[in-house]
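>>> curious how this folds, go ahead:
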Amino acid sequence: MKKSSLVIAGFVGVVMTAFIGSSFAAMPDDREGVMKDVMKSFKVLIGISKSGQFDAAVVNKEAAAIIANLDKFKDLFPDGSQAGDTKASPEIWKDRAGFEAARNNARDAAVNLAKVSDATAFKAAFDAQSAACKGCHDKYRAN
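This next block holds a predicted model:
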């Protein structure tokens, strides 16, 4: 009984080590995937902005997706994850508080965007979202 417990514990340890190691190795891909999802939502919002065809349900859905992705995004930059081929600026790890503030600003803008109910409010909220995203990218995106 003890021998089988040790074998199982050893196996679980190997699996957990592989999982943890692979999650750090995949970190830049995860970050890029989350940002691509944000961009998909943002493109829908750009289309609404350009067309003038406001749809509160669509805006709410896309803003909610941006919020969810920015919530995921905050955990994708642990210490030690700056190595490798990444579009993240080293400034993220040098100025963690500034990076979190910029991410929170973008998230707050998405929360406000999700609340809009007419085209006039959408324009102002969309412009604020655009500015928040640009502010973060200008400082914390490498290329």
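
>>> what helix or strand does N105 sit in?
helix 96-114 (DSSP states H and E).

>>> okay, buried residues for that helix please.
Buried residues in helix 96-114, defined by neighbour count with 16 or more other Cβ atoms under 10 Å: 99, 102-103, 105-107, 109-114. No exception for glycine: its C-beta is placed from N, CA and C like everyone else's.

>>> surely D79 touches I92?
No: using Cβ atoms under 8 Å, D79 makes no contact with I92, being 10.5 Å away.

>>> between the two, which one's more packed in?
I92 (23 against 7; other Cβ atoms under 10 Å).

>>> list the contacts for A110?
63, 66-67, 70, 129 (Cβ atoms under 8 Å, 6 or more residues apart in numbering).

>>> reformat those as TSV; add secondary structure and distance to Y140.
Shown next, in TSV, are the contacts of A110 (DSSP: H, G, I helix; E, B strand; the rest coil; distance: Cβ to Cβ, whole Å):
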residue	secondary structure	distance to Y140
A63	helix	21
I66	helix	17
I67	helix	19
L70	helix	13
Q129	helix	17
